[in-house]
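# Below is the sequence, then the predicted model.
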Amino acid sequence: MKLKWYGHAAFRIQSSDGLTIITDPYTPEGVGYPPITDAADVVIVSSDNDTAHCRYDLIPGDPFAVNALQVAREGGSRTVKGLTIQAIEAMEFIDHPEHEPDQNGMYRFEVDGIRIAHMGDVGNPLTEAQTSFFNDVDILLALTGGELTIELDDLKKVIDATQPKLIVPMHFRTLTYKPRNTHWIASFLAYFDDRDVDFACTHETVLTRNDIPERTRVLVMDYAR
């Protein structure tokens with residue numbers, strides 16, 4: 001599979017047979033990252049009202065849009081175009097300074113035998129059920145910016161409890177990212193031994209089952225220009 005990070009919480013995952021999934025597309029002028037110009041077969045959004053996470057309408061082509069929050073509220077699983085998406089409900093940062101915290105969905109799916117999970121926009125410590133949702137995950141697309149999302153101490157508790165094999169950070173501060181209320185990636189990496197951190201030095205990488213490590217490692221990607 002191919003994994004590409006656009007910035008913020010938006011990724012493209014492409015399977016070996018060509019199925020293309022885009023997660024949590026953003027409004028470019030709001031977050032500061034470039035428009036997403038890649039087409040997709042499936043677009044998964046963690047909510048329907050957060051313009052930094054829900055802009056499936058900006059994705060080219062005619063993708064099938066899936067709202068993870070709706071999936072979580074309607075049984076927790078949905079299959080589209082052969083892809084089974086599981087979701088669990090979560091809430092934004094409880095003391096959100098701009099509005100009352102909204103609900104959103106964390107979600108997971110499998111591509112090329114690799115189990116991938118996306119943390120949506122959760123802003124609080126995870127419950128036991130929410131933590132268990134990430135059991136047996138190979139790749140965790142993790143919220144690592146701290147402010148207005150899950151605090152880093154609470155995120156580390158989830159990582160220690162579920163032991164994902166590969167953590168790919170997202171939603172952290174960069175030179176391009178317009179909001180200045182998130183941490184730089186160094187704050188998250190301080191929780192790990194340097195020997196367990198890899199830098200892709202690019203916005204796209206190819207991963208197979210054989211590339212998944214036996215124990216937790218971090219892969220820091222660049223964002224797409």
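On my side now, so go ahead.
# What about Q86? Give its phi and psi, please.
phi -110, psi 150 (degrees, to the nearest 10).
# Apologies, that question was intended for A129.
The phi/psi pair for A129 (degrees, to the nearest 10) is phi -70, psi -40.
# Please enumerate the strands of this structure.
Assigned by DSSP state E, the strands in the chain fall at 2-7, 10-14, 20-23, 42-45, 64-67, 77-80, 83-91, 103-111, 114-118, 139-143, 166-170, 197-199, 204-206, 217-220.
# Which one, of the ones you listed, ends up nearest to T182?
Nearest to T182, of all the strands of the chain, is strand 139-143, at 9.2 Å by C-beta to C-beta. Just so you know, the C-beta spots here come from the backbone N, C-alpha and C atoms, and that holds for glycine as well.
# so how far is the closest one off the chain centroid?
5 Å (C-alpha atoms, centre = their mean, to the nearest Å).
# Okay, the residue lying closest to T205 once chain neighbours are set aside and Q14: tell me how far apart.
Spatial nearest neighbour of T205, excluding adjacent residues (C-beta to C-beta, 6 or more residues apart in numbering): L3 at 5.4 Å. Using C-beta to C-beta, to the nearest Å, L3 is found at 8 Å from Q14.
# repeat for N210
18 Å.
# More neighbours: the two, which one.
Legend: neighbour count by other C-beta atoms under 10 Å for N210 and Q14, higher for Q14 (21 against 5).
# nearest residue to the more buried one other than its sequence neighbours?
K2 (4.3 Å).
# tell me the pLDDT at the one you found?
K2 is assigned 98 on the pLDDT scale.
# how many neighbours does S16 have?
S16, neighbours per other C-beta under 10 Å, totals 12.
# Spit out the contact partners of it.
Going by C-beta atoms under 8 Å, 6 or more residues apart in numbering, S16 touches 1, 112.
# circling back: spit out the contact partners of the residue nearest to T205.
Applying C-beta under 8 Å, 6+ apart, the residues near L3 are 11-13, 139, 168, 204-207, 221.
# and of the residues you listed, the nearest to L69?
Nearest member of the contacts of L3 to L69, counting by C-beta to C-beta, is F11, at 18.2 Å.
# didn't the closest one look like it was pressed against K4?
Yes - F11 is within contact range of K4, at 6.4 Å (criterion: C-beta atoms under 8 Å).
# more crowded one of those two?
Applying other C-beta under 10 Å to F11 and K4 shows that F11 carries more neighbours, namely 25 against 20.
# residues contacting the more buried one?
3-5, 22-24, 118, 141, 168, 170.
# For the protein, which residues score under the pLDDT cut-off?
For the chain, the stretches flagged by pLDDT under 70 are 93-101.
# I am finished for the moment; much appreciated.
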